[in-house]
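Visitor: sequence below, structure please.
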Amino acid sequence: MFTIIPHQFGPGGWLRYGRTVFFALIVLILLTVIIKGCPLDFKREKADSGSSGTGSINEWTAMTTTNVPLARQEHKSVWNGTEMIIWGGLDASANKLNSGAKYYPITDTWVSITAANAPTIRRNHSIVWTGTEMIIWGGENGGWHNTGAKYYPITDTWVSITIDNAPISRYWHTAVWTGQEMIVWGGDSWDGYTNTGAKYYPITDTWVSITTTNAPISRALHTAIWTGKEMIIWGGEDSYGGVKLGSGAKYYPITDTWVTIPNDNAPISRVYHTAVWTGNEMIIWGGYNDAQFLQPSAKYNPSNDTWTSIATTNAPQPRCEHTAVWTGSEMIIWGGSPGGAITLNTGAKYNPVNNSWTATTMTAVPGPKTLHTAVWTGSEMLIWGGLPFPNSTQGGKYKP
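Guide: Residues are numbered from 1 along each chain as shown. Predicted coordinates for the structure are as follows:
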């Protein structure tokens, strides 16, 4: 106990005394924060963890089936920055479709898209997102298509694209978006498997053929990725049920030239595999080659033109007709078929930096699927559609 006598401080003693006490309290509070930490900030940090409450690491969340599109397989999907758009495909009665819908993961809602001026019914077509529009092209409906259209999700409108100088009709082809043009290549045409292609410019609605000089041999069921300066084609088969291929090439649209990529250490030939671009290498995984369903795969680095095998330890079960997405740091494989009428709902994450696999959780996982689609939103993988049809309309969101 002690007593303060303000007048001992002289004139204005109380004012000076109050200031002294105030600054002492400030110092005491700061020392408490430094030594013990701030309880308010700690609570805020805890509340903000776990992706803002929308899901935690390695977690599946079911997608709503309210207003869900008709069940289908062999459809296509894209992510446009806010929504997944699905379109086309084959329904449970083997009818081709020209319907589609937009799925909003934030609100977990489906919205149908207009059929007015949409392309005709088809499956095994191609799809790209340009940044402002979705482009559908080619496909099959008992015959072959070389028609397509651009879909604008903001206005929910379709605009047909020209067929002047368009490539010959085809399906089982590939298409990539370069930032200014869509490049279509290969596939099964009315004249058999082809090694022709073309570049489509949506701003001017024009097609320009690409050279076949040094192009890969004709094929379908191959994969294609865009690296930022080149399109890389790999795998496929040379005719219907024909020889499976383990070859590929790089196409440079600026110079309209092809360069063959080496076969040294390349994966064995296959179809129904997947390919993703990581930012510096293309990863091939899975597929089928007549003799077996495949697991051993490899990474191709175009800068040094070399293949490197990837680990098989803890890799998913061999399969084809699965999906693969690139998250920015890992590739996620999911679903597919290991043969016969069997479908899978297992998957794994592959980290190319440490060459390792980690299984995806089975908790709350969607039912088994093959011939479905998957997109990466920036924070989660969305899967939807596919076979078997009882599981087709059941989608899932996976946070790695």
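Visitor: tell me which helix or strand of the chain sits lowest on mean pLDDT?
Guide: Counting by mean pLDDT, DSSP states H and E, the chain has its least confident helix or strand at helix 39-48, which shows a mean of 29.
Visitor: what mean pLDDT would you report for whichever helix or strand comes after it?
Guide: The helix or strand immediately downstream of helix 39-48 is strand 59-62, counting by DSSP states H and E. Taken as a whole, strand 59-62 has an average pLDDT of 98.
Visitor: can I get strand 59-62 in CSV, CA atoms only?
Guide: Only the C-alpha atoms of strand 59-62 are listed here, as CSV (Å, rounded to 0.1, in the frame of the first residue of the first chain):
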residue,chain,number,x,y,z
GLU,A,59,-12.5,-33.9,-48.1
TRP,A,60,-15.4,-34.7,-50.4
THR,A,61,-18.7,-32.8,-50.4
ALA,A,62,-21.8,-33.9,-52.3
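Visitor: that one pairs with which strands, parallel or anti?
Guide: Strand 59-62 pairs in its sheet with strand 396-399 (antiparallel), by DSSP bridges.
Visitor: residues contacting the partner strand, please?
Guide: Residues outside strand 396-399 that contact it (Cβ atoms under 8 Å, 6 or more residues apart in numbering) are 51, 54-63, 105, 332, 334, 360, 364-366, 379-384. Placement of C-beta: from N, CA and C, glycine included.
Visitor: what's the mean pLDDT across that strand?
Guide: 98.
Visitor: before we move on, back to that, now the contacts of strand 396-399: which count as buried?
Guide: With burial judged by 16 or more other Cβ atoms under 10 Å, the buried subset of the contacts of strand 396-399 is 55, 59-61, 63, 105, 332, 334, 360, 365-366, 380-384.
Visitor: out of those, who's nearest residue 277?
Guide: residue 332 (14.2 Å; Cβ to Cβ).
Visitor: what's opposite that closest one in the beta bridge?
Guide: Residues in a beta bridge with residue 332, per DSSP bridges, are residue 325, residue 349.
Visitor: and for residue 370?
Guide: Note on residue 370: beta-bridge partners by DSSP bridges are residue 387.
Visitor: next up, the contacts around the closest residue to residue 79 other than its chain neighbours.
Guide: What sits nearest to residue 79 in space, not counting adjacent residues and going by Cβ to Cβ, 6 or more residues apart in numbering, is residue 375, at 4.0 Å. Residue 375 sits next to 77-79, 84, 325, 381-382 when contact means Cβ under 8 Å, 6+ apart.
Visitor: likewise for residue 315?
Guide: Contacts for residue 315 (Cβ under 8 Å, 6+ apart) come out as 295, 348, 350, 357.
Visitor: hang on, isn't the third one packed against residue 334?
Guide: No: counting by Cβ atoms under 8 Å, residue 350 stays clear of residue 334, with 11.6 Å between them.
Visitor: and residue 216, how far from residue 168?
Guide: According to Cβ to Cβ, to the nearest Å, residue 216 stands 17 Å off from residue 168.
Visitor: those two: who's more crowded?
Guide: Counting neighbours by other Cβ atoms under 10 Å for residue 216 and for residue 168 shows that residue 216 has the greater number, 24 against 14.
Visitor: is the more buried one in contact with residue 250, as I believe?
Guide: No: if you go by Cβ under 8 Å, residue 216 and residue 250 don't touch, sitting 9.9 Å apart.
Visitor: okay, and the common contacts of the two?
Guide: Each of 233, 258 lies in contact with both residue 216 and residue 250 under the rule Cβ under 8 Å, 6+ apart.
Visitor: the domain parsing of the protein - what is it?
Guide: Following automatic domain parsing, one finds the domains of the chain at 6-46, 55-399.
Visitor: before we move on, back to that, wait, which of the contacts of residue 315 is closest to residue 306?
Guide: residue 350 (18.6 Å).
Visitor: quick one, what contacts the closest one?
Guide: Contacts here follow Cβ under 8 Å, 6+ apart; on that basis residue 350 touches 283, 285, 310, 315, 330-333, 356-357.
Visitor: give me that answer again for 7 Å
Guide: 310, 330-331, 333, 357 (Cβ atoms under 7 Å, 6 or more residues apart in numbering).
Visitor: so who does the nearest residue to it once chain neighbours are set aside touch?
Guide: When the adjacent residues along the chain are set aside, residue 350 lies closest to residue 331, with 4.5 Å between them (Cβ to Cβ, 6+ apart). With contacts defined as Cβ under 7 Å, 6+ apart, residue 331 is in contact with 276, 283, 324, 350.
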